[in-house]
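# Sharing a sequence plus its predicted fold:
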Amino acid sequence: MTATQRSLARPSFISLMSVNVLIVGAGPTGLILALLLLQSGLTVRIVEKRAQFHDGERGAGIHPRTLELYKFLGILPEILNYSSTNPRNIKYFSSPEDGKPPRYVPFLEILENTPSKPMINGRVLGQNRHEKLLRDQIFKDYGVKVELGVELRSFEQHSDSVVTSAVRITDSQEVEETITADWLVGADGARSKVRKQMGLSFLGESVLEMTSVIGDIHVLEGSLKQEHPDGWTVWGELNSGAAMWMRPCLVPGQNLFNFFILCATEAKAVMISSSRDELIKAIRELTGRKDIEFGELVGMGVWRPNIRMVDKFSNGRAFVAGDAAHVHSPTGAQGMNSGIQDSFNLAWKLALVQQGLAPKSLLNSYSDERLPVMASILNKTTELFQKEWQVKPLSQGQTQTTMFRGFELRQFGINYRGSGIILDEVFGDRSEMFDSYRSGNDGTVRAGDRAPDAPGLTRLGSDNPDTIAIFELLNTLQHTAFIFPGSSADKFSSDMLECLCEYPSNTVKSVVLLAESSSLSSAESDTAESDTVLIDTKGYAYTHYGVSQDTPMVVIVRPDGYIGALVTSGGKGIRQYFAEIFS
């Protein structure tokens, strides 16, 4: 045994002060959760088993719904500044030998923004740069750093805390730490130690017949220009067992490409990933390009698709999120975006419970709401995967399956219509059959759906001609209650505002939305207790939320940007909804 080994065999022990939430895993899911909780005033530690941050471009697609959530969180400008537009098409080469010109096939449709969906197209940002942006934001705003090289070994749950045992390597010595937290969240990936300790199942399948090599490599300028920067290039047939893609990473000042090589056997993948020379040899064989000169290999590894999810997202004071709870095929880029949605769903509930404002039972809705969504998403990504990637012979004359991405993958249709904590007095029955992934796109707006935007709102009594939109009123710290009095219910606003004053300070924001046809003579006195009074000059708010001018309504939007309640019964409905939220 070496001196280092002898040192590591004798751990020292330290016990650190308690925190509200210990987050295990520093990918986008864990970092977003940390940012949301810190913004709510909770104390957080973020520990990461790896000794250094990931430096690859994997998980680059940021979907429109995620951009909307980032706006509510207040970090959208930074994301837009560092990201690029989505690829528009794919350039296919059948094989190096056939001499046929490439086919250009649409990858996704670039759409025009609409008043209800002002960010209808996604963005691309490598996960390494995405994570750094989030880490920098957390440190700048709250002084919290990710703790690298800290591995969770075990934990015990108590009635009021979770006591964890973790290990870090310090000066070649294994230091064991005892960390006490009120709550534990495992965002520690597909091999999650937290999930295993929680005893959760992780059912699904591993697709052993499809093994790939993925990574990032620099290409010398001039030998492979990013002449196709708005798309990807694919060589070979994706379902043939011998194909690859190269995607420009669009890192400023770098000719960096992400590659994905599909291999017919695991042995082939292991051989290709064994060295830079083997990788370059494989790329040249697949592309037929001998003129490409490669630079530094940033990193690569063997990837095997797994399609799995947990049976529940929590157990006592411990939770899982992101890849620790669900893993996908890469088709559709749903994994990272879904993990971020996990964090938005959990954070506001956990914050209210920790602050003593909500019953612990509210946390049950995290699992209840996310399970059906993830089951539906996994079905969709698996369907795409089987269609596009699994090795199967092509019929005579059949061409390569294209990788076109439909509208539903933008995640606008995700909804919680069946949730036990939503209230819908317009559409009623929660037992109605619906799809948790797609039904939010069915043309109606129901409780549990994504809250649509509505621009063209002006402030009552203001001479300022500038208008604002509903998305500018939403935030991740409060419920926002939009009071739609219509054109005839003068006293409705004051009654609803009086009811909303019953709830804890700073947890509910009230916004009165007057129709342009409303009588404004008594509006100022009727809305004096409101946080904001706006006039729907363009009519978008009433239209997008399905409010009739002669039927007053209250729409309550949750801190995660989903509609918690559609209330037509006035104070009775408001109290019924918040009875499930607040203690």
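Cool, got the structure.

# mind listing the helices for this structure?
For the chain, applying DSSP state H gives helices covering 3-9, 28-39, 64-73, 76-82, 127-142, 193-198, 266-272, 276-287, 335-354, 364-388, 492-500, 523-526, 540-544, 571-579.

# Give me the below-cutoff pLDDT ranges for this protein.
For the chain, the stretches with pLDDT under 70 are 1-17, 94-99, 206-210, 222-231, 238-241, 329-333, 380-406, 430, 488-490, 518-528.

# got the domain boundaries for it?
3-79+123-200+309-399, 211-304, 413-579 (automatic domain parsing).

# nearest to residue 463, of the helices of the chain?
Nearest to residue 463 among these is helix 523-526; the distance by CB to CB comes to 14.9 Å. C-beta here means a position set from N, CA and C on the backbone, and glycine is covered the same way.

# Could you export the domains of the chain to a markdown table, including columns for mean neighbour count and distance to residue 116?
Shown next, in a markdown table, are those (neighbours: other CB atoms under 10 Å; distance: least, CB to CB, whole Å):
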| stretch | mean neighbour count | distance to residue 116 |
| --- | --- | --- |
| domain 3-79+123-200+309-399 | 19 | 11 |
| domain 211-304 | 18 | 26 |
| domain 413-579 | 19 | 4 |
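
# how about a markdown table for the ones you listed, with distance to residue 105 added?
Putting the domains of the chain into a markdown table (distance: least, CB to CB, whole Å) gives the following:
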| stretch | distance to residue 105 |
| --- | --- |
| domain 3-79+123-200+309-399 | 9 |
| domain 211-304 | 9 |
| domain 413-579 | 24 |
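
# looking at these, which is closest to residue 407?
Per CB to CB, nearest to residue 407 of the domains of the chain: domain 413-579, 7.1 Å.

# Pretty sure residue 184 sits against residue 319.
Yes: between residue 184 and residue 319 there is a contact at 7.2 Å, judged by CB atoms under 8 Å.

# For residue 114, find the nearest of the domains of the chain.
domain 413-579 (8.7 Å).

# chain center to that closest one, what's the gap?
Mean-position distance between domain 413-579 and its chain equals 25 Å (CA atoms, centre = their mean, to the nearest Å).

# do the same with stretch 111-126
The answer for stretch 111-126 is 15 Å, by CA atoms, centre = their mean.

# which parts of that stretch are buried?
115, 116, 117, 118, 119, 120, 121, 122, 123, 124, 125, 126 (16 or more other CB atoms under 10 Å).

# Take it, keep the C-alpha atoms, and write them as PDB.
C-alpha atoms of stretch 111-126 as PDB (Å, rounded to 0.1, in the frame of the first residue of the first chain):
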ATOM      1  CA  LEU A 111     -41.900  30.200 -36.800                       C
ATOM      2  CA  GLU A 112     -43.000  33.800 -36.300                       C
ATOM      3  CA  ASN A 113     -43.500  34.800 -32.700                       C
ATOM      4  CA  THR A 114     -47.100  35.400 -31.600                       C
ATOM      5  CA  PRO A 115     -48.600  37.600 -28.900                       C
ATOM      6  CA  SER A 116     -49.300  34.500 -26.800                       C
ATOM      7  CA  LYS A 117     -45.900  32.800 -27.600                       C
ATOM      8  CA  PRO A 118     -43.300  35.600 -27.800                       C
ATOM      9  CA  MET A 119     -40.400  33.100 -27.800                       C
ATOM     10  CA  ILE A 120     -41.700  30.400 -30.100                       C
ATOM     11  CA  ASN A 121     -38.300  29.200 -31.400                       C
ATOM     12  CA  GLY A 122     -35.600  27.600 -29.200                       C
ATOM     13  CA  ARG A 123     -31.900  28.400 -28.800                       C
ATOM     14  CA  VAL A 124     -28.700  26.400 -28.800                       C
ATOM     15  CA  LEU A 125     -26.100  26.700 -26.000                       C
ATOM     16  CA  GLY A 126     -23.500  24.100 -25.100                       C
END
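
# hmm, who's touching that stretch?
With contacts defined as CB atoms under 8 Å, 6 or more residues apart in numbering, stretch 111-126 is touched by 56-58, 60-64, 66-68, 71, 79-80, 82-87, 110, 133, 249-251, 258, 410, 412, 452-456, 469, 471, 538, 540, 544.

# Find the residue closest to residue 66 in space, skipping its chain neighbours.
Of all residues not flanking residue 66 in the chain, residue 337 sits nearest, at 4.9 Å (CB to CB, 6 or more residues apart in numbering).

# In contact with the one you found, which residues?
Taking CB under 8 Å, 6+ apart as the test, what residue 337 contacts is 61, 62, 63, 65, 66, 411.

# which one among those residues gets closest to residue 202?
The closest of those, once distances to residue 202 are taken by CB to CB, is residue 411, at 23.1 Å.

# Relative to residue 566, how far out is the nearest residue to that closest one once chain neighbours are set aside?
Using CB to CB, 6+ apart and skipping residues adjacent in sequence, the residue nearest residue 411 is residue 65, 3.8 Å away. In this view, residue 65 and residue 566 are 20 Å apart by CB to CB, to the nearest Å.

# Test my guess that residue 467 contacts residue 536.
No: Residue 467 lies out of contact with residue 536 (CB under 8 Å); the separation is 10.2 Å.

# Which residues are in contact with each of the two?
In contact with both residue 467 and residue 536: 456, 457, using CB under 8 Å, 6+ apart.

# related to what we said a few turns ago, save the helices of the chain as TSV, and put in distance to residue 245 too.
What follows is the helices of the chain, written out as TSV (distance: least, CB to CB, whole Å):
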stretch	distance to residue 245
helix 3-9	42
helix 28-39	22
helix 64-73	23
helix 76-82	23
helix 127-142	17
helix 193-198	31
helix 266-272	14
helix 276-287	10
helix 335-354	18
helix 364-388	11
helix 492-500	52
helix 523-526	58
helix 540-544	38
helix 571-579	47
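
# So which of the ones you listed is nearest residue 163?
helix 193-198 (12.1 Å).

# just checking, what packs against the closest one?
The contact analysis (3 or more CB pairs under 8 Å, 6 or more residues apart in numbering; DSSP states H and E) places helix 193-198 against strand 150-157, strand 173-186, strand 318-320.

# hmm, who's touching the shortest one?
Where contact means CB under 8 Å, 6+ apart, the residues beyond strand 318-320 that reach it are 155, 157, 162, 183-187, 192, 194-195, 197-198, 200, 310, 313-314, 346, 350, 363, 366.

# what pairs with that strand, and is each one parallel or antiparallel?
Within its sheet, and counting by DSSP bridges, strand 318-320 is paired with strand 173-186 (parallel), strand 314-315 (antiparallel).

# distance between the shortest one and the chain's centre?
Taking CA atoms, centre = their mean, one finds the center of strand 314-315 at 20 Å from the center of the full chain.

# Nearest to residue 273 among the strands paired with strand 318-320 would be which one?
So among the strands paired with strand 318-320, strand 173-186 is nearest, using CB to CB, at 28.1 Å.

# angle of that closest one against helix 28-39?
Angle of strand 173-186 versus helix 28-39, following axes from the mean of the first three to the mean of the last three CA atoms, to 10 degrees, is 80 degrees.
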